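Enquirer: Sequence plus predicted model, see below.
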Number of protein chains: 2
Amino acid sequence: MASDHTRSAILAAAERLYADRGFGDVTLRDIVADANVNLAAVNYHFGSKDELIAELFVTRSIATNRERLRELKAAEEQGGGRAPIEVILHALVGPTLRGCLGPENQRSTAARFMIRASIESVPPIRRIKNREIDHLRKFVSAMRRSLPDRSDVEIYWGLNFALAMAHHTIRESERLTKLSEGKCDLDDVEDVIARVVSVATMALTAGKAETRPPARALARDTR
Amino acid sequence: MASDHTRSAILAAAERLYADRGFGDVTLRDIVADANVNLAAVNYHFGSKDELIAELFVTRSIATNRERLRELKAAEEQGGGRAPIEVILHALVGPTLRGCLGPENQRSTAARFMIRASIESVPPIRRIKNREIDHLRKFVSAMRRSLPDRSDVEIYWGLNFALAMAHHTIRESERLTKLSEGKCDLDDVEDVIARVVSVATMALTAGKAETRPPARALARDTR
DNA sequence: GATAGTTTCATACAACTGTTTGAATTGCAA
DNA sequence: TTGCAATTCAAACAGTTGTATGAAACTATC
């Protein structure tokens, strides 16, 4: 076991620096300086720079995925194996958005790191993201059960658009704030989630006779 | 004037290499080797590597933006200064999607380059994208005219979601194809555009009394 | 307190990067 | 042809990068 101290000091420093300045601008020397450890410590504890980045991303990633599946499982159990589509979508995009957005002043290092990872997409992170497909298939299955009369193509497109809105909103949150001159409040995470879920639900249920009134209205804003 | 030959050989080689292997893996030496010119030629003709990348991206970018505005202007003129929201959204996402998607075997270098630029987001490109806000404001204005009873917040969110679906579909086209096992046909660009426009339109008109029947149905698939 | 295993450290390595330089070459006008 | 500018070229530059090394320091066990 030994004194994990150096190891976690590196992880903390790396996460902070990557979050603040991005992957392109931060070298191993920056990290070890910030962590007050020796240069060789990174390769000793992690093997390589890429493995350090991978570990950072995987840690946060599996936390998000676990939360996603937890919400999904809870919803399906409550619904007797078939959850409403809104709740499934909520389980899909909720944890991601909650993990990245929120009041900027109190935004965690982890959150800012994940935003960076979403924007810059460096090789070790891309590799991990590519393994996410199996995870998504679980949501495809749940969506199929929820909407048995929708075709697979529509399910896939609905999933794609849901993830699109969530990730793009995270990635371009700064630009959206600037474009809207602050009118779009990205600190109200639950509102953002509700908006994404609402639109994705419409995408998946449009044209159906059994279009129940949307659980949450899209409009919840002022003026 | 002189013999533009070297200059355009560099541009062509750079675009091709970046498209194939991404920005991270291509060095100036790779480019000049591929273009059969001297290493110093890049700095002589473009000033720096970043300016070369910027020129590549700007060229394609203004082409897309011009096409967007052309479509928008045509639509508004035909509607007497007020275009239907579907047509505005079509003008917004159509050129981008058409410029990046399409039959893979005959996909142009330019298209593949723009996909890369959408995925990797290197500094010189990010700088240019940040200047895109003024361009987007023109669409905000058109959308306001088209939907005078919608609040600004909803307009901004609708625009955000429309761009989200378009860009994410481009960026993750490979993954969507794999996830859907080919069932989502990303080569049928006009179908993709119709889907994005349809969902974005729903997002912007949901809850309105005057919800006219959607111009294009979302469903157009088999099985 | 000697020993074995782990961890830290300073330092060097090797390779690669974009950029610059100054001389050679070319193209064109007078 | 001469002269001048634009262009090309080989070579070197200056800096950075992640990684490897081997000795030193530490830690815990017996």
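Expert: Now that the structure is in, tell me what you want to look at. Numbers count the residues shown, from 1 in each chain, chains lettered A, B, ... in the order given.
Enquirer: And the residue nearest the centre of chain A?
Expert: Geometric centre of chain A, nearest residue: A:T96, 2.8 Å, by Cα atoms, centre = their mean.
Enquirer: these two touch, right, that one and A:M165?
Expert: No - if you go by Cβ atoms under 8 Å, A:T96 and A:M165 don't touch, sitting 10.8 Å apart. Heads up, the C-betas are built off the backbone N, CA and C, glycines and all.
Enquirer: can you pull out the helices in chain A?
Expert: Under the criterion DSSP state H, chain A contains helices at A:5-21, A:28-35, A:40-46, A:49-78, A:85-100, A:109-120, A:123-130, A:133-146, A:152-171, A:173-179, A:189-205.
Enquirer: Could you report the separation of A:V26 from chain B?
Expert: As judged by Cβ to the nearest Cβ, to the nearest Å, A:V26 and chain B stand 14 Å apart.
Enquirer: go on, A:G79?
Expert: Applying Cβ to the nearest Cβ to A:G79 and chain B gives a distance of 24 Å.
Enquirer: ok, the closest residue to that residue other than its chain neighbours - contacts?
Expert: Leaving aside its sequence neighbours, A:G79 sits nearest to A:V87 (Cβ to Cβ, 6 or more residues apart in numbering or on different chains; 7.8 Å). Going by Cβ atoms under 8 Å, 6 or more residues apart in numbering or on different chains, A:V87 touches A:E71, A:A75, A:G79.
Enquirer: got a pLDDT number for the first one?
Expert: Listed pLDDT for A:E71 reads 98.
Enquirer: what do you get for the second one?
Expert: With respect to pLDDT, A:A75 scores 96.
Enquirer: wait, what's in contact with it?
Expert: A:A83, A:P84, A:V87, A:I88, A:A91.
Enquirer: Can you tell me the closest non-neighbouring residue to A:L11?
Expert: A:L11's closest residue in space is A:L56 (Cβ to Cβ, 6+ apart), at 6.5 Å.
Enquirer: Let me know whether that neighbour touches A:L17 as I believe.
Expert: No - the pair A:L56 and A:L17 fails to qualify as a contact (Cβ under 8 Å) at a distance of 10.8 Å.
Enquirer: Pick out whichever of those two has more residues nearby.
Expert: More neighbours surround A:L56 than the other of A:L56 and A:L17, with 24 against 21 (other Cβ atoms under 10 Å in any protein chain shown).
Enquirer: Distance of that one relative to chain B?
Expert: Going from A:L56 to chain B by Cβ to the nearest Cβ gives 18 Å.
Enquirer: Return the residues in contact with that residue.
Expert: By Cβ under 8 Å, 6+ apart, the neighbours of A:L56 are A:L11, A:A14, A:E15, A:Y18, A:F113.
Enquirer: Would you map out the domains in chain A?
Expert: According to automatic domain parsing, chain A comprises the domains A:1-47, A:49-205.
Enquirer: Figure out how far the first one is from the centre of its chain.
Expert: For domain A:1-47, the separation from the chain centroid amounts to 24 Å (computed by Cα atoms, centre = their mean, to the nearest Å).
Enquirer: What of stretch A:191-199?
Expert: 14 Å.
Enquirer: What of stretch A:133-150?
Expert: Centroid separation for stretch A:133-150 versus its chain: 19 Å, with Cα atoms, centre = their mean.
Enquirer: Can you confirm whether that stretch lies near chain B?
Expert: Yes - shown here: stretch A:133-150 in contact with chain B (Cβ under 8 Å from any Cβ of the partner chain) through A:I133, A:L136, A:R137, A:V140.
Enquirer: returning to what we had before: tabulate the helices of chain A in TSV, adding columns for distance to B:A33.
Expert: Converted to TSV, these look like this (distance: least, Cβ to Cβ, whole Å):
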stretch	distance to B:A33
helix A:5-21	32
helix A:28-35	29
helix A:40-46	32
helix A:49-78	26
helix A:85-100	41
helix A:109-120	27
helix A:123-130	23
helix A:133-146	36
helix A:152-171	34
helix A:173-179	37
helix A:189-205	46
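Enquirer: out of the contacts of A:A75, which is most surrounded?
Expert: Going by other Cβ under 10 Å, A:I88 tops the contacts of A:A75 with 27 neighbours.
Enquirer: Find the nearest non-adjacent residue to that one, please.
Expert: Counting by Cβ to Cβ, 6+ apart, the residue nearest A:I88 is A:A142, at 5.1 Å.
Enquirer: and if you look at A:A203?
Expert: Of all residues not flanking A:A203 in the chain, B:V199 sits nearest, at 4.3 Å (Cβ to Cβ, 6+ apart).
Enquirer: For the one you found, give me its contacts.
Expert: A:F161, A:V199, A:M202, A:A203, A:A206, B:F161, B:M165, B:L218.
Enquirer: and of these, the nearest to DNA strand C?
Expert: Using Cβ to the nearest atom of the strand, B:M165 is the member of the contacts of B:V199 that sits closest to DNA strand C, with 33.5 Å.
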